[in-house]
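Visitor: the following block contains a protein sequence and its predicted model.
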Amino acid sequence: MIINDSTLIIGHGILNGPYCDAIKQMFDTAPMTKLKSVNDEHGGHVVPEDDNDNDRVKYTDIQGVTHYTVGGTNPDFGKIIQFVDDLVPWGEDFQTISYMQIMKYPTESCMNFHKDEADSGDTATAIFNLNDDFTGGLLNVDGHIIKPFRGNMVAFNNSTLRWHGVEPILTGERYVLSIWFAPMQEDPTEQEVSNDTHPTNKITIKGLT
């Protein structure tokens, strides 16, 4: 696998306000999930009690951040794709969505500096700010400090190799949509959702029927 040279892309206010609000509402209305186990060693891998919840897991980690996983069989997945498909960068590093979460950071929470370890095959990450009515919570990618604005997108490749983190939230709550990307899959058991107009529509969804 060849990953392009390191790239950092900032799209200022490219996700419009109603879409930001709709994604926040998806998070707020999703129920919390009963979990069988939690592994915080690698960013909060979780196992739900009910296997049917694998694509709609919602839980709070030890930092106080609440995560809502949106997988391919989750109805919210298709809605979010419609919102962001034309906004996600083009290029081989951003072709296939491997993982998607909506996250809420409460006051005094943060994301410690880290390199993504959940999947060593990840090629890139895109983060959409869904609100900006809070203080603190600056995103830092390789020393580039990025102030959050509602509707902003911050996208960077090589996310398993680059240091990034979120400074503590001083007041309010920070909502973000995070999308991780992986290489295109050619496994015939996986179904590909695509069209002919945009390479980021080539989204491989495991187990979709």
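Guide: Perfect, I can see it now. Residues are numbered from 1 along each chain as shown.

Visitor: what packs against the lengthiest helix in the chain?
Guide: With residue count as the measure and DSSP state H as the assignment, the chain has helix 17-29 as its longest helix. Counting contacts by 3 or more CB pairs under 8 Å, 6 or more residues apart in numbering; DSSP states H and E, helix 17-29 packs against strand 66-69, helix 75-84, strand 96-105, strand 124-129, strand 174-182. Backbone N, C-alpha and C define where each C-beta goes, glycine included.

Visitor: got these as JSON lines, with mean pLDDT, distance to Phe27 and mean neighbour count columns?
Guide: Putting the helices and strands packed on helix 17-29 into JSON lines (pLDDT from 0 to 100; distance: least, CB to CB, whole Å; neighbours: other CB atoms under 10 Å) gives the following:
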{"stretch": "strand 66-69", "mean pLDDT": "96", "distance to Phe27": "5", "mean neighbour count": "22"}
{"stretch": "helix 75-84", "mean pLDDT": "97", "distance to Phe27": "9", "mean neighbour count": "16"}
{"stretch": "strand 96-105", "mean pLDDT": "93", "distance to Phe27": "4", "mean neighbour count": "22"}
{"stretch": "strand 124-129", "mean pLDDT": "95", "distance to Phe27": "12", "mean neighbour count": "24"}
{"stretch": "strand 174-182", "mean pLDDT": "94", "distance to Phe27": "7", "mean neighbour count": "23"}
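
Visitor: can you redo the ones you listed as JSON lines with distance to Trp163?
Guide: JSON lines is the format used below for the helices and strands packed on helix 17-29 (distance: least, CB to CB, whole Å):
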{"stretch": "strand 66-69", "distance to Trp163": "21"}
{"stretch": "helix 75-84", "distance to Trp163": "25"}
{"stretch": "strand 96-105", "distance to Trp163": "19"}
{"stretch": "strand 124-129", "distance to Trp163": "13"}
{"stretch": "strand 174-182", "distance to Trp163": "16"}
